[in-house]
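A.B. asks: quick one, what's the 3D model for this:
(one chain, ligands or ions: 2)
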Amino acid sequence: MARTHADKIYDYYPAFLDLCRKKVVVVGGGEIATGKVRGLIPCGPDPLVVIAPEVSDYIREKAIEGALTWIQREYTYGDLEGAYICFAATDDKSANAKVAKEARERNIPVLAVDDIPNCDFIAPAVVRRGRLVIAISTNALSPAIASHVRRKIERDFPPHWAHLLEVAATVRERLGPARFTIDPEEWQRALDDDLKSLVWEGKVDEATELLWSRLASDKVELEARA
Ligand SMILES: C[C@@]1(CC(=O)O)C2=NC(=C\c3[nH]c(c(CCC(=O)O)c3CC(=O)O)Cc3[nH]c(c(CC(=O)O)c3CCC(=O)O)/C=C3\N/C(=C\2)[C@@H](CCC(=O)O)[C@]3(C)CC(=O)O)/[C@H]1CCC(=O)O
Ligand SMILES: NC(=O)c1ccc[n+]([C@@H]2O[C@H](COP(=O)([O-])OP(=O)(O)OC[C@H]3O[C@@H](n4cnc5c(N)ncnc54)[C@H](O)[C@@H]3O)[C@@H](O)[C@H]2O)c1
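C.D. replies: Ligands and ions are numbered 1, 2, ... in the order given. Modelled structure (predicted):
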């Protein structure tokens with residue numbers, strides 16, 4: 001059902017979608033659609049279908065590589081069959097509205113660009129540091145503010161945050177089932193400035209061993225003996 005002006009009082013629910021091996025349809029192939037496709041490809045949708053008479057060089061290249069299927073024509077009713085989610089990102093508002101109409105008939109969540117009533121979900125501004133993803137939304141109240149905050153966060157989170165995440169993920173995996181015995185506050189204390197300094201200096205292996213020694217070694221031995 002379309003969101004109305006009166007629904008402005010309600011927040012959107014923040015979530016990260018699992019799209020891997022699911023059919024995703026993007027209608028449109030210009031600048032805005034290309035931004036969506038760039039964000040989608042690392043999520044492993046399959047098939048990823050782009051429907052548009054003209055597409056950007058990026059979409060054309062990804063189609064040649066086999067990362068997506070480009071259907072070179074205008075959208076027609078039926079194109080959304082079997083889709084898990086879809087994007088209406090053409091420069092033709094009425095075409096976007098037709099995509100949204102079919103999506104609603106089929107109960108497929110749709111994002112129609114610049115058309116809030118025809119959005120079942122909205123796109124946040126995104127900061128990526130490796131696998132660390134920071135998503136920012138203003139509940140559609142001011143995309144300019146979302147963009148502004150994104151730029152600020154980009155300055156506050158330099159690229160090595162990606163490595164800090166790698167360190168934590170490595171230790172977490174090495175812990176195995178013992179990770180359930182670690183108090184959340186223990187994690188927070190362990191992620192201190194000494195640890196970060198090592199990562200910032202590029203000493204990722206040392207940082208991994210420091211974090212491991214802080215969180216794990218005795219617990220894992222105890223678990224192994226039990
Ligand atoms: C975050 C970002 C992500 C992305 O696009 O992927 C995004 N818009 C961005 C930029 C941007 N968009 C617009 C401006 C001009 C300034 C301004 O209006 O503020 C700027 C600023 C700029 O370009 O710097 C115009 C605009 N956008 C929407 C409307 C319709 C309306 O308001 O009715 C209009 C009026 C169109 C008209 O004039 O008719 C609607 C939406 N735009 C959203 C997302 C969703 C809400 C997100 C949230 O919760 O805030 C939502 C609801 C649907 C959607 O997902 O598309 C991306 C920043 C990326 C980045 O910089 O990192
Ligand atoms: N470019 C921007 O900076 C920007 C910013 C905010 C909002 N928008 C809005 O987003 C929309 C898309 O912008 P854009 O810059 O990507 O446009 P664009 O002109 O670059 O691309 C439009 C795309 O839509 C395709 N298309 C047109 N009719 C179609 C149909 N019936 N079926 C399938 N594909 C169709 C075209 O082939 C083309 O690939 C516009 O409504 C624009 O107002 C754009």
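A.B. asks: tell me where the protein has helices.
C.D. replies: 31-40, 57-65, 93-105, 143-156, 161-175, 184-190, 193-200, 204-215, 217-225 (DSSP state H).
A.B. asks: among these, which is nearest residue 14?
C.D. replies: Comparison of those against residue 14 by C-beta to C-beta identifies helix 143-156 as nearest, at 12.6 Å. Every C-beta, even on glycine, is put in place using the N, C-alpha and C of the backbone.
A.B. asks: got the buried residues for the closest one?
C.D. replies: 146, 149-150 (16 or more other C-beta atoms under 10 Å).
A.B. asks: and the pLDDT for the closest residue to residue 169 other than its chain neighbours?
C.D. replies: Distances taken as C-beta to C-beta, 6 or more residues apart in numbering place residue 131 nearest to residue 169, at 7.7 Å, with adjacent residues excluded. For residue 131, the model assigns a pLDDT of 96.
A.B. asks: need phi/psi at residue 131.
C.D. replies: Here is the backbone geometry of residue 131 (degrees, to the nearest 10): phi -90, psi 0.
A.B. asks: near ligand 2, which residues of this structure?
C.D. replies: 27-33, 51-55, 74-75, 89-92, 95, 113-114 (C-beta under 6 Å from any ligand atom).
A.B. asks: which bits of this protein sit near ligand 1?
C.D. replies: Residues of the chain lying close to ligand 1 by C-beta under 6 Å from any ligand atom are 35, 111, 113-114, 116, 119, 122-125, 137-140, 142-144, 146-147, 150.
A.B. asks: put the buried members of those into a ChimeraX selection.
C.D. replies: Only the buried entries of these go into this ChimeraX selection, using 16+ other C-beta under 10 Å:
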select :35,111,113,119,122,123,124,125,137,138,146,150
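A.B. asks: quick one: which of the residues of the chain next to ligand 1 sit in strands?
C.D. replies: 111, 125 (DSSP state E).
A.B. asks: how's the chain carved up into domains?
C.D. replies: 19-123, 161-225 (automatic domain parsing).
A.B. asks: what's the span of the first one from first residue to last?
C.D. replies: Taking C-alpha to C-alpha, to the nearest Å, the first and last residues of domain 19-123 lie 15 Å apart.
A.B. asks: quick one: distance of it to the chain centre.
C.D. replies: 16 Å (C-alpha atoms, centre = their mean, to the nearest Å).
A.B. asks: what average pLDDT does that domain get?
C.D. replies: 98.
A.B. asks: whichever residue of the chain sits closest to ligand 2: neighbour count?
C.D. replies: Taking C-beta to the nearest ligand atom as the measure, the point where the chain comes nearest ligand 2 is residue 30, at 1.9 Å. Around residue 30 sit 15 other residues, with neighbours defined as other C-beta atoms under 10 Å.
A.B. asks: now do the contacts for it.
C.D. replies: Applying C-beta atoms under 8 Å, 6 or more residues apart in numbering, we find residue 30 in contact with 52, 54-56, 89-91.
A.B. asks: 7 Å instead?
C.D. replies: 56, 91 (C-beta atoms under 7 Å, 6 or more residues apart in numbering).
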